[in-house]
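[1] need a structure here:
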Amino acid sequence: MSFIIRKGKKKDMPSVLKLIKELATFEKEPNAVEVLLEDLEKDGFCNKPLFKTYVAEINNKIVGMALFYPRYSTWKGVTIHLEDLIVSKEMRGLNIGSALYKKVLRYALKKNVRRVEWVVLDWNKPAIDFYEKSGATVLRDWDTAQITKEQIANYLK
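    Purely as a prediction, here's the structure:
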């Protein structure tokens, strides 16, 4: 089955949001998605977009996506954070994820960034194996820290 990888468009955001929710369910956090369609449309397609997307399409249906954005590292300078890379469950095994990943990496090379980084769950062995096979280093001695809006408000009281 053939697919195309292309730059995401505003009209793709309903499909992108559906894939985000599918990923959240896969990651055992089905109720964690708070982002709205309007957020994706506004934040990704304004004068200074906060993120970029690539989508994978089969027969005019979006079946995968990669969402990423620029970051700045005090050690490396400009980097890219790959927030999500997801292929719908029924389309896995067709090398769509690999093609999306390579598209982001080609973009990074074109932009001359010094690092692309992302987070992978420690139990997602297929993803870890895939990334390590690509030459990526999975840092097992770093823990991700997060603080929510509510936690910030409580802390600052």
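[2] For the spatially most central residue of the chain, give the beta-bridge partners.
    Nearest residue to the geometric centre of the chain (C-alpha atoms, centre = their mean): residue 84, 1.8 Å. Under DSSP bridges, the beta-bridge partners of residue 84 are residue 67.
[3] Now do the helices in this structure.
    Using DSSP state H, the helices of the chain run over 13-26, 37-44, 96-110, 125-133, 149-155.
[4] what's the angle between the second one and helix 13-26?
    Same thing as helix 37-44. 110 degrees (axes from the mean of the first three to the mean of the last three C-alpha atoms, to 10 degrees).
[5] Please report how far the residue nearest to the centre of the chain lies from residue 115.
    Between residue 84 and residue 115 the distance is 18 Å, computed by C-beta to C-beta, to the nearest Å. Every C-beta, even on glycine, is put in place using the N, C-alpha and C of the backbone.
[6] cool, residue 124 as well?
    Distance from residue 124 to residue 115, by C-beta to C-beta: 21 Å.
[7] and if you look at residue 74?
    Taking C-beta to C-beta, one finds residue 74 at 12 Å from residue 115.
[8] Settle it for me: which of the two has more neighbours?
    Set residue 74 next to residue 115 and count neighbours by other C-beta atoms under 10 Å: residue 115 wins out with 14 against 5.
[9] ok, that one touching residue 73?
    Yes: using C-beta atoms under 8 Å as the test, residue 115 is close enough to residue 73 to be in contact (6.5 Å).
[10] what residues do those two have in common as contacts?
    Shared contacts of residue 115 and residue 73, defined by C-beta atoms under 8 Å, 6 or more residues apart in numbering, comprise residue 79.
[11] any idea how far residue 128 is from residue 139?
    11 Å.
[12] Of those two, which one has the most company?
    Set residue 139 next to residue 128 and count neighbours by other C-beta under 10 Å: residue 128 wins out with 16 against 10.
[13] which ones are touching that one?
    Counting by C-beta under 8 Å, 6+ apart, residue 128 has contacts 120, 122, 138.
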